[in-house]
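Asks: Here's a sequence, model it:
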Amino acid sequence: MNWFINLLRHIFLPLTAGLLIYILFRENTWLHSHFIAGFTRFPVIRPDNTLLQLVAFNVPDFCWAYALASSLFFWQQWTGVNRRVITILTLLLLAGSECLQMAGYGFTFDWLDLVATILAFGLSYTVIYKYETF
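Replies: Next up is the predicted model:
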């Protein structure tokens, strides 16, 4: 049962928080145009200051990166794959996915997203390997 609580806490909760931020703060997104537009007035909170803009545009990336890193770190613990290899590959995957946005293809690169991703990686690594046991 402990593993289930860990999955909820470190994977599903951050993904849900990121989704709620998209719903509450963002408009003109794929999620908004396909599922929310027409039902009610969104976003509920307009990000009109710097703090709310950080929440609206950078915290969802942090949540996504934290959840992905946590899932890979849990997978490493369950399978016994080399911890150093998974750590390096996870960092490369997370930072690389942000850096690929510099190439364009309809995506926008943001340094704060890269910082949020790296911070999420560090927090996930610390919490999973220092405090969680299976």
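Asks: ok, now which ones touch residue 71?
Replies: Applying C-beta atoms under 8 Å, 6 or more residues apart in numbering to residue 71 gives the contacts 10, 11. All C-beta spots, glycine's among them, are computed from the backbone N, C-alpha and C.
Asks: Give me the distance between the helix or strand containing it and the centre of its chain.
Replies: Here residue 71 sits within helix 59-79, counting by DSSP states H and E. Chain-centre distance of helix 59-79: 8 Å, with C-alpha atoms, centre = their mean, to the nearest Å.
Asks: And for stretch 79-91?
Replies: Counting by C-alpha atoms, centre = their mean, stretch 79-91 comes out at 19 Å from the chain centroid.
Asks: hang on, the earlier thing: may I see the buried residues of the helix holding residue 71?
Replies: When neighbours are counted by 16 or more other C-beta atoms under 10 Å, the buried residues of helix 59-79 are found to be 59-74, 76-77.
Asks: Toward the C-terminus from it, list the very next helix or strand.
Replies: Toward the C-terminus, helix 59-79 is succeeded by helix 83-99 as the next helix or strand (DSSP H and E).
Asks: Also compute the angle for that following helix relative to helix 59-79, please.
Replies: Helix 83-99 runs at 160 degrees relative to helix 59-79, counting by axes from the mean of the first three to the mean of the last three C-alpha atoms, to 10 degrees.
Asks: can you pull the buried residues of whichever helix or strand comes after helix 83-99?
Replies: Downstream of helix 83-99, the first helix or strand assigned by DSSP H and E is helix 111-131. By neighbour count with 16+ other C-beta under 10 Å, helix 111-131 contains the buried residues 113, 114, 116, 117, 118, 120, 121, 124, 125, 127, 128.
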